[in-house]
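# Here is my input, please return the structure:
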Amino acid sequence: MTAIAILAYDSSARASASNYTNMRPSWLPSHAHNATVSDTPHRRHRDTSSMKKASIGILDLGECFPGQTPAEACHDTIKLAIEADRLGFARYWLAEHQTRGCAWGSPELLVATIAALTSRIRVGPGGLLLRIHNPLRIAADFSLLEHLYPDRIDLGLARGCPVLNGPALLDGRVPECYGQEQAIAMGHQKDSENRKLSEDLYTRKVNDLLLYLTRGLPEGHPYFGSRPVPLPPPFPPQVWVHGGERSMKIAAQFGLGYGYPVFHPTTTDIGVLTRYQEEFQYNTGPQHVVLAVAGYCGESELEVSTVIKSYRSFFKPTFFGTPSQCQEQFEELSEQTNVSSLVFLDISRSFEQRRRCYRLLSEAFRLTDTVST
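Alright, predicted model coming up:
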């Protein structure tokens with residue numbers, strides 16, 4: 001089994017270029033950070049002719065920064081998505097977390113807005129918390145989106161369930177939503193049999209959603225005859241399952257795309273990618289894998305170091321540096337995993353920093369080469 005250490009840096013180090021090597025991602029060679037702050041910007045135009053072509057998207061958590069209203073945060077997201085479309089990014093995914101401090105709890109509303117204001121970038125949730133949603137409603141919403149914006153809609157699914165909003169959205173049906181620890185904290189006992197029931201219910205929801213998006217529920221199903229309105233188009237949205245080992249198994253079982261969050265403290269085993277390939281059930285179908293990374297791309301090592309050291313979150317920075325260093329990290333990560341598609345979570349705390357970061361990444365990976373003129 002292959003394991004990867006998410007981040008290794010000296011938390012006591014000052015934000016300076018001399019200490020920058022202590023902050024590098026674990027897969028990056030030590031020689032990659034030998035540049036000084038003064039010469040770093042001049043290394044931006046590194047030769048990329050032999051580099052594996054990168055497909056890079058954006059992951060947006062919808063955080064409200066200090067002093068920001070939800071409306072302001074949403075407008076920033078819309079403007080950044082329009083910029084990402086212009087800069088050649090492959091997709092723009094919006095998370096659902098249902099927690100305080102987030103600008104939205106229904107990412108599908110922003111998906112529709114962003115798709116309407118962009119021309120080529122794929123848009124979708126990354127992902128919807130399926131445990132607290134109705135598969136028929138999701139199928140209807142995303143069938144409509146796919147009709148309106150053909151071949152541009154992604155439908156990402158995630159396993160989580162919010163502690164406070166979950167029971168309310170499910171009207172108290174806790175076993176469908178919670179793991180053992182959460183259920184006990186809410187006063188509901190759950191043994192191993194009930195944990196399996198919870199997993200089976202989640203798998204059933206994935207199955208029902210896929211049936212709604214394709215041929216419909218079979219005879220004998222309790223809801224046989226129910227169909228999404230509108231009916232799905234001939235080619236439904238591309239469906240992804242995001243998460244660790246259990247999510248991988250569902251993605252492989254149903255032949256779906258798989259998103260692996262490298263920045264999550266509980267997902268540190270990249271061997272799961274090999275197991276996804278081994279367990280994939282559709283031998284003739286494509287295997288789509290995206291790695292989710294978090295970090296920052298800046299003009300200089302000092303700028304990047306300052307952003308990284310000021311970051312405070314549950315998620316861990318895993319992909320950061322100057323444009324040239326980010327190129328080297330991509331090559332190393334791609335060689336380790338045989339994956340060339342990333343979604344990037346920018347950890348900076350301002351609109352201007354995020355826009356500048358996106359522009360540097362686009363330039364470093366020549367993303368605009370893929371944009372039709």
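# and the longest strand seen in the chain, which strands flank it?
Across the chain, the longest stretch assigned as strand under DSSP state E is strand 289-297. Strand 289-297 has the following strand partners under DSSP bridges: strand 257-261 (parallel), strand 319-321 (parallel), strand 341-346 (parallel).
# quick one: low-confidence parts of the protein?
Low-confidence segments of the chain (pLDDT under 70): 1-52, 163, 171-198, 283-286, 372-373.
# At which residues are the strands of the stretch 1-150 of the chain located?
55-60, 91-94, 122-125, 128-129 (DSSP state E, counting those that start in this stretch).
# Packed most tightly, which of the strands paired with strand 289-297 would that be?
strand 319-321 (a mean of 28; mean count of other C-beta atoms under 10 Å). All C-beta atoms are positioned from the backbone trio N, CA, C, and that covers glycine.
# Give the next helix or strand downstream of that one.
Later in the chain than strand 319-321, the nearest helix or strand by DSSP states H and E is helix 323-337.
# Can you check what angle separates that following helix from strand 289-297?
160 degrees (axes from the mean of the first three to the mean of the last three C-alpha atoms, to 10 degrees).
# buried sites along helix 323-337?
323-334, 337 (16 or more other C-beta atoms under 10 Å).
# mind listing the helices for the stretch 151-300 of the chain?
165-169, 180-185, 192-212, 245-254, 271-279 (DSSP state H, counting those that start in this stretch).
# residue ranges of the helices in the stretch 1-150 of the chain, please?
70-87, 107-117, 135-148.
# How about residue 304, nearest residue that isn't a chain neighbour?
residue 298 (4.2 Å; C-beta to C-beta, 6 or more residues apart in numbering).
# The one you found: what's it in contact with?
304, 307, 321, 322, 356, 357, 360 (C-beta atoms under 8 Å, 6 or more residues apart in numbering).
# so which pair among those is furthest apart in space?
Among those, the pair separated by the greatest distance (C-beta to C-beta) is 321 and 356, at 14.3 Å.
# Residue 62: neighbouring residues, count only.
Residue neighbour count, defined by other C-beta atoms under 10 Å, stands at 21 for residue 62.
# Looks like it contacts residue 75 (just checking).
No: with contact defined as C-beta atoms under 8 Å, residue 62 does not reach residue 75; the gap is 12.0 Å.
# quick one on the thing from earlier: would you mind giving the buried residues of helix 323-337 as JSON lines with distance to residue 95 added?
JSON lines is the format used below for those (distance: C-beta to C-beta, whole Å):
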{"residue": "323", "distance to residue 95": "26"}
{"residue": "324", "distance to residue 95": "29"}
{"residue": "325", "distance to residue 95": "26"}
{"residue": "326", "distance to residue 95": "22"}
{"residue": "327", "distance to residue 95": "26"}
{"residue": "328", "distance to residue 95": "28"}
{"residue": "329", "distance to residue 95": "23"}
{"residue": "330", "distance to residue 95": "22"}
{"residue": "331", "distance to residue 95": "27"}
{"residue": "332", "distance to residue 95": "26"}
{"residue": "333", "distance to residue 95": "21"}
{"residue": "334", "distance to residue 95": "24"}
{"residue": "337", "distance to residue 95": "22"}
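# coming back round to it: show me the one of the strands of the stretch 1-150 of the chain that comes nearest residue 272.
Closest of the strands of the stretch 1-150 of the chain to residue 272 is strand 55-60, at 18.5 Å (criterion: C-beta to C-beta).
# Could you name the helices and strands sitting against the closest one?
The contact analysis (3 or more C-beta pairs under 8 Å, 6 or more residues apart in numbering; DSSP states H and E) places strand 55-60 against helix 70-87, strand 91-94, strand 341-346.
# quick one, which of the ones you listed is nearest to residue 55?
That would be strand 341-346 among those, by C-beta to C-beta, at 4.2 Å.
# before we move on, the earlier item: reformat the strands of the stretch 1-150 of the chain as a markdown table; add distance to residue 71 and mean neighbour count.
Formatted as a markdown table, the strands of the stretch 1-150 of the chain follow (distance: least, C-beta to C-beta, whole Å; neighbours: other C-beta atoms under 10 Å):
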| stretch | distance to residue 71 | mean neighbour count |
| --- | --- | --- |
| strand 55-60 | 15 | 24 |
| strand 91-94 | 16 | 26 |
| strand 122-125 | 20 | 25 |
| strand 128-129 | 22 | 23 |
